[in-house]
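Undergrad: pasting a predicted model and its sequence here:
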There are 2 protein chains.
Amino acid sequence: MPLIDDRLVTLAHGNGGQRGRTLIDEVFARRLANPDLDTTLDAARLVLPPGEVLMTTDGFIVQPLEFPGGTIGSLAVHGTVNDLAVSGADPVYLSLAAFIEEGFAIDRLDRIVASMAEAAAENGVRVACGDLKVLPRGEGSGVTFATTGLGVRRIGLQLGIGEVRPGDMVLVSGPVGDHGTAVLLAREQFGLRGDVRSDAGSVLPLTRAVRDLPGMRFMRDPTRGGLATVCHELADASGATVRLEEDRLPIRAPVRGVCEMLGYDPLYLACEGRVVALADPVCAEAVLAAWRALPTGVEAACVGEIAAGPSEVVLATALGGERLLPPLEDDPLPRIC
Amino acid sequence: MPLIDDRLVTLAHGNGGQRGRTLIDEVFARRLANPDLDTTLDAARLVLPPGEVLMTTDGFIVQPLEFPGGTIGSLAVHGTVNDLAVSGADPVYLSLAAFIEEGFAIDRLDRIVASMAEAAAENGVRVACGDLKVLPRGEGSGVTFATTGLGVRRIGLQLGIGEVRPGDMVLVSGPVGDHGTAVLLAREQFGLRGDVRSDAGSVLPLTRAVRDLPGMRFMRDPTRGGLATVCHELADASGATVRLEEDRLPIRAPVRGVCEMLGYDPLYLACEGRVVALADPVCAEAVLAAWRALPTGVEAACVGEIAAGPSEVVLATALGGERLLPPLEDDPLPRIC
């Protein structure tokens, strides 16, 4: 077999035989090695700490696969860790299903898996099992991943969108829209260059710091659809008005600039390392204090509240007016996560 | 929005907003409904019965998406259930990540998800969480799924490839190569028609019937790479010879015919509803008796043994000769599962 084939993923890597085993061993198992990962097993045995067990799953199709602030590999780990974190859990295990297109460079795959391993280690989460499929050239999409996470939560922790009520404050842990804008710029399809880095990262330190505070109602990471979409979910669940204050919204200047130029609203763009939290007013102060003491929460802000009124999302503008934020309809930016 | 768009998946179904929620509710949540599935949560709370917890994951890229004997939906459930089953566990929960290409017909998606729901119900397994991503037209691949399964196994059950030793018998629960051949014929790329139905299905009744028998060493489902590839794994792990007897191998006549015509070896073609079991000679008799009493095990057979000798796979031919079965190299048949 010519040497060059060994540096590109081929259909033979996906057939369940020796070549696939070598790719799994040399890229995935080597990078993601941990005492619970044994690629010769059909199923991995888990050892879960006491508590409520939580499960979440996500697919990842971001384009480009590498962007300022992350790769599809680190994004997959962070996205799954974050869904567990905002549910009040500590992540423990991950599974990884990888779909790779024939012809993909193994060096590049290795770089992506290395960033995945780094993100897993940073969060204390172990990849327990995996699967590799290869799609024929032209039928795949570079690399896509699906991860499932298991985490454990303290028994009795009361967090949920059903807990939210009028009078609660809407908090965000940092500026919104960075991830969406960074990916958009990395595509270069608009001929723009900019200095925006994705916020993609773990929110676990943020959620650990506040999840047990009395008065904490609910947390969510505002990914696809952004802050505005989380607010619509809050309005639907509470049957009340979510009122955001425009001049309190943390949005970085370059994000604002790019969005103005291209006609996007940063409130609808994905974050991948932020938390939206709902808390009663006393708790809200404590959340902001706790977040601002953390490196990823320095720019945390209270951006609005749940107000008595119809189930809708209202933006109080800096000029004293009000406008309704509509639910997200068309996809402004496909392949964002 | 024109009516026709409502019957095809659009990018907007993948943006995290209202249209995606409607698709999830009306297709996935409706079909897969169970008391543990709440699509408004970031993570689902699980209730696991006592025992060792096992986790497995799989990606599914089969083409065509519907074939005689199953769909990519039922295959995804059966594949994940089967990995848990051959590990000696009872499956309890599944997660589902769905990747759908823009333009896919929602009616067809619904049919696929319905077959998935039927397979889940048949195996007593609940879908606890899911995710939906939409790939732009031309960048996706119809539908691909990734499922992760959690199961629970009796504490102390000793099953593993490391338990296999010379003198053990190699058993198969039914004819081999049916799934690979059925998918191949369903593609119609060879201009052939045939009456081969995939064996895709749950092996849980088969594994439950034999997993606790004394002398049972190891079970595996011979999917990608087929029986021959499982035998290579056995030779590697045991350091001994796997000796198969050609005239004992259950292979259906139409499978044999198609393979002869196209130059495939059925021993390397995927099964999706068979078990390969390794057991000591006394146990082997009990396994065959138990399997033959089940509808999916009527054609169960002892097809060979682990023999002292070098680590290789040998086929004793019907004519009294012997030939080495090489490890699988190129992919004979991509997108088989």
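TA: Yep, it's here. Here the structure is a predicted model, which is why all the values come from computation and not from measurement. Numbering: from 1, shown residues only, chains lettered A, B, ... in the order given.

Undergrad: I figured A:I61 hits A:A146, correct?
TA: No: A:I61 is beyond contact range of A:A146, at 9.9 Å (criterion: Cβ atoms under 8 Å). Any C-beta I mention is one placed from the backbone N, CA and C, and that applies to glycine too.

Undergrad: overlap of the contact sets of those two?
TA: B:F99 (Cβ atoms under 8 Å, 6 or more residues apart in numbering or on different chains).

Undergrad: the more surrounded of those two?
TA: Taking other Cβ atoms under 10 Å in any protein chain shown, A:I61 and A:A146 do not tie; A:A146 has more neighbours (32 against 25).

Undergrad: so what's that one scoring on pLDDT?
TA: As predicted, A:A146 sits at a pLDDT of 98.

Undergrad: what's the nearest residue to it if we skip its chain neighbours?
TA: B:A146 (3.3 Å; Cβ to Cβ, 6 or more residues apart in numbering or on different chains).

Undergrad: tell me the spacing between the one you found and A:A76.
TA: The spacing between B:A146 and A:A76, counted by Cβ to Cβ, to the nearest Å, is 11 Å.

Undergrad: and A:L84, how close does it get to A:L315?
TA: Shown here: A:L84 relative to A:L315, a distance of 31 Å by Cβ to Cβ.

Undergrad: the residue of the stretch 101-250 of chain A found nearest chain B - how many residues pack around it?
TA: Taking Cβ to the nearest Cβ, chain B has its nearest neighbour within the stretch 101-250 of chain A at A:R224, 2.8 Å off. A:R224: 23 surrounding residues under other Cβ under 10 Å.

Undergrad: break down the stretch 51-200 of chain A into its helices, ranges please.
TA: A:72-86, A:106-122, A:178-187 (DSSP state H, counting those that start in this stretch).

Undergrad: list the buried residues for the last one?
TA: For helix A:178-187, the neighbour count (16 or more other Cβ atoms under 10 Å in any protein chain shown) marks A:D178, A:H179, A:G180, A:T181, A:A182, A:V183, A:L184, A:L185, A:A186 as buried.

Undergrad: lowest average confidence, helix or strand, in chain A?
TA: helix A:18-23 (a mean of 90; mean pLDDT, DSSP states H and E).

Undergrad: next secondary structure after that helix?
TA: helix A:30-32 (DSSP states H and E).

Undergrad: what's the helix or strand following that following helix in contact with?
TA: Next along the chain after helix A:30-32, taking DSSP H and E as the criterion, comes strand A:44-46. With contact meaning Cβ under 8 Å, 6+ apart, strand A:44-46 is reached by A:36-38, A:92-93, A:128-129, A:150, B:52-56, B:153.

Undergrad: gap between strand A:44-46 and the chain center?
TA: On the basis of Cα atoms, centre = their mean, to the nearest Å, strand A:44-46 sits 25 Å off its chain's mean C-alpha point.

Undergrad: that one pairs with which strands, and in what direction?
TA: With DSSP bridges as the test, strand A:44-46 is paired with strand B:52-60 (antiparallel).

Undergrad: can you show me the strands along chain A?
TA: A:44-46, A:52-60, A:66-67, A:70-71, A:89-101, A:126-135, A:143-153, A:169-172, A:216-220, A:241-245, A:276-279, A:301-307, A:313-316, A:322-324 (DSSP state E).

Undergrad: would you list these in a markdown table and tack on distance to B:M169?
TA: Conversion of the strands of chain A to a markdown table gives the following (distance: least, Cβ to Cβ, whole Å):
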| stretch | distance to B:M169 |
| --- | --- |
| strand A:44-46 | 26 |
| strand A:52-60 | 38 |
| strand A:66-67 | 50 |
| strand A:70-71 | 47 |
| strand A:89-101 | 33 |
| strand A:126-135 | 29 |
| strand A:143-153 | 36 |
| strand A:169-172 | 63 |
| strand A:216-220 | 55 |
| strand A:241-245 | 66 |
| strand A:276-279 | 59 |
| strand A:301-307 | 67 |
| strand A:313-316 | 66 |
| strand A:322-324 | 72 |
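
Undergrad: next to chain B, which bits of the stretch 151-300 of chain A? Give me the list.
TA: Counting by Cβ under 8 Å from any Cβ of the partner chain, the residues of the stretch 151-300 of chain A close to chain B are A:151, A:153, A:160-161, A:220-221, A:223-225, A:229, A:232-233, A:237, A:270.

Undergrad: wait, A:L159 touches A:D212, no?
TA: No: taking contacts as Cβ under 8 Å, A:L159 lies outside contact range of A:D212: 9.8 Å.

Undergrad: spatially speaking, which residue is in the middle of chain A?
TA: In chain A, the residue lying closest to the centroid (Cα atoms, centre = their mean) is A:G79, at 3.2 Å.

Undergrad: what's the distance between it and A:T71?
TA: 12 Å.

Undergrad: again, but for A:A146
TA: 16 Å.

Undergrad: equivalent analysis for A:P35, please.
TA: 25 Å.

Undergrad: in terms of neighbours, single out the busier of these two.
TA: A:T71 (23 against 7).

Undergrad: now the more buried one: how far from chain B?
TA: Going from A:T71 to chain B by Cβ to the nearest Cβ, to the nearest Å gives 17 Å.

Undergrad: who touches that residue in this structure?
TA: A:T71 touches A:L65, A:R111, A:I112, A:S115, A:M116, counting by Cβ under 8 Å, 6+ apart.

Undergrad: ok, those vs A:A105, which is closest?
TA: Nearest to A:A105 among those: A:R111, at 9.2 Å, using Cβ to Cβ.

Undergrad: ok, that closest one touching A:E66?
TA: Yes: with contact defined as Cβ under 8 Å, A:R111 counts as touching A:E66 (7.5 Å).

Undergrad: what is in contact with those two at once?
TA: Residues touching both A:R111 and A:E66 (Cβ under 8 Å, 6+ apart): none.

Undergrad: burial measure for A:F190, as a count.
TA: Using other Cβ under 10 Å, A:F190 has 12 other residues around it.

Undergrad: quick check: closest non-adjacent residue to it.
TA: Sequence neighbours aside, A:L262 is the residue nearest to A:F190 in space, at 6.3 Å (criterion: Cβ to Cβ, 6+ apart).
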